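Student: With the sequence up front, the predicted model follows.
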Amino acid sequence: MITHYGYSNGSGEYYIVIDAEKCIGCTKCVVQCPQSALELVTLLIDLEDKTVAAVTEQHRRAIKYTCSPCKPESGKAPCVLACAEKAIWCVWNPR
Amino acid sequence: MKETPKKDDVEYWRWQEYRRVLSDKKWNNKDIITAGVDVGSVGSKAVIMLDDEVYSWGIMRTGSNSPESAKKALSWAMEGTGLRLNDLKYIVGTGYGRVNVPMANKAITEIACHAKGANYIWGPSVRTVLDVGGQDIKAIHCDETGRVTSFLMNDKCAAGTGRGMEVFADLLKIPIEEIGEFSLKVDEEPPPVSCTCVAFAKTEAMGFLRKGWSKEKVLAAYTHAMAIRMGNLVKRVGLEREFVITGGQSKNIGIVTRIEKALGVKCLPMPNWRESGLDPMVAGAIGAALFAKALYEKAQKS
């Protein structure tokens, strides 16, 4: 299950995307995030509870401002680089 | 001091609550009876299922107290059926207020439940589900089993949601149930409003009315802007032809036709819910009840 955390509005499209099937809940991205915008949550996948990374509720609605210091458009945000499973990426299209 | 008399106190936004028991079915304790309770920001929905079939459901407005709304919706779905709370083997809570469903055995995100419910209502061909709720919009891509493959949720603003429509119903004094039809009564589709934010759109709408635009035209311009916005969300998760709309706004024909136009695809035909008893508004609660059955069976095995 691929989750898009973020939003699109008049100023562009801003999402941090996490693939819960690839994510192993290792917390590397959580630790690397300079904004403390990531956490572990429990999701029900194929009737099993699985612990995976997610963007905190607080940061979802302000993702454009939270994440822009890491330059998500470069593809080299610390969370993305930290993930060995390629389970996290960014969709960043400012207008 | 003199006051102008209060005129009508019609609440145009107020939508009808309703319930349904599929009367040709009888329940007994041999069946696996489960329930799904979907507490949304605007509506609370409860579905009772016998094995894999929907038995009854109820839709009510969510009050300020969501545990209370959850209880009320569930007892409304059970009313007159002779069912009691302890006849229900497993209850799953979902929706915005899912953590506030006191009798639930488990809470599951509404995303998974909507995909499952849409799969149940329209069948395994459904790939894209757009849920337009009271306060947020969810675009979901799923596989043939109703398992979510990709989704996004926009709850940052109320534009295009049921709440946004309620605001416009009140502003233009049109009953909420008629707002879709009304928005289609224009000879030519006006350009979309420039700002979709409900608060600002209201100001913009007032400006148009002052300029002499008809209510229909103002509503069409607003609905048009909403549809474009929702269409973009759907494109982001991946649009496939087998496309459906769930949630309260699935009944807003003005929104539905404009989304179809924006995406260039037709929605799968809506089930005749008066006959089949399957209302697209209870898709999330149906999904929750299906998960309840699966979780109950899993618990029995282990």
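Tutor: Structure's in. What do you need?
Student: and the residue of chain A nearest chain B?
Tutor: A:H4 (3.4 Å; C-beta to the nearest C-beta). Bear in mind the C-beta positions are built from the backbone N, C-alpha and C, glycine included.
Student: Show the contacting residues for the nearest residue to that residue once chain neighbours are set aside.
Tutor: The shortest distance from A:H4 to any non-neighbouring residue, by C-beta to C-beta, 6 or more residues apart in numbering or on different chains, is to B:L152 (3.4 Å). By C-beta atoms under 8 Å, 6 or more residues apart in numbering or on different chains, the contact list for B:L152 reads A:T3, A:H4, A:G6, A:Y15, B:K138, B:A139, B:L233, B:R236, B:V237.
Student: for B:V54, same thing?
Tutor: Counted by C-beta under 8 Å, 6+ apart, B:V54 has contacts B:L22, B:V47, B:I48, B:G277, B:L278, B:I286, B:A289.
Student: Then B:K217?
Tutor: B:V186, B:P190, B:F208.
Student: rerun that using 6 Å as the cut-off
Tutor: Under the criterion of C-beta atoms under 6 Å, 6 or more residues apart in numbering or on different chains, the contact list for B:K217 reads B:V186, B:P190.
Student: One more: the one 3 residues further on?
Tutor: Neighbouring residues of B:A220 by C-beta under 6 Å, 6+ apart: B:S183, B:V186, B:P190.
Student: Quickly list what the residue nearest to A:H4 is bridged to.
Tutor: Beta-bridge partners of B:L152, counted by DSSP bridges, are A:H4, B:A139.
Student: any idea how far it lies from B:G238?
Tutor: As judged by C-beta to C-beta, to the nearest Å, B:L152 and B:G238 stand 10 Å apart.
Student: Can you flag which of the contacts of B:A220 belong to helices?
Tutor: Under the assignment DSSP state H, these contribute B:S183 to helices.
Student: filter the contacts of B:A220 by proximity to chain A?
Tutor: Among these, not one lies near chain A by C-beta under 6 Å from any C-beta of the partner chain.
Student: In ChimeraX, select just the buried ones from the contacts of B:A220.
Tutor: ChimeraX command restricting these to the buried ones, with burial defined by 16 or more other C-beta atoms under 10 Å in any protein chain shown:
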select /B:183,186,190
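Student: How confident was the prediction at the residue lying closest to B:G162 once chain neighbours are set aside?
Tutor: Nearest non-adjacent residue to B:G162, counting by C-beta to C-beta, 6+ apart: B:G134, 4.0 Å away. Listed pLDDT for B:G134 reads 85.
Student: returning to what we had before: dump the contacts of B:L152 into TSV; add pLDDT and neighbour count as well.
Tutor: Output for the contacts of B:L152, formatted as TSV (pLDDT from 0 to 100; neighbours: other C-beta atoms under 10 Å in any protein chain shown):
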residue	pLDDT	neighbour count
A:T3	94	24
A:H4	95	24
A:G6	92	26
A:Y15	95	23
B:K138	92	24
B:A139	94	26
B:L233	87	22
B:R236	88	20
B:V237	88	22
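Student: I figured B:F291 hits B:V92, correct?
Tutor: Yes: between B:F291 and B:V92 there is a contact under C-beta atoms under 6 Å: 5.0 Å.
Student: Settle it for me: which of the two has more neighbours?
Tutor: B:V92 (30 against 23; other C-beta atoms under 10 Å in any protein chain shown).
Student: Could I get the full set of helices for the stretch 151-300 of chain B?
Tutor: B:162-172, B:179-183, B:198-210, B:215-237, B:253-263, B:273-276, B:283-301 (DSSP state H, counting those that start in this stretch).
Student: Kindly report the same for chain A.
Tutor: Under DSSP H, chain A gives helices at A:28-32, A:57-60, A:63-67, A:78-82.
Student: The shortest one and chain B, any residue contact?
Tutor: Spelled out, that is helix A:57-60. No: on the criterion C-beta under 6 Å from any C-beta, helix A:57-60 is out of touch with chain B, staying 7.9 Å away.
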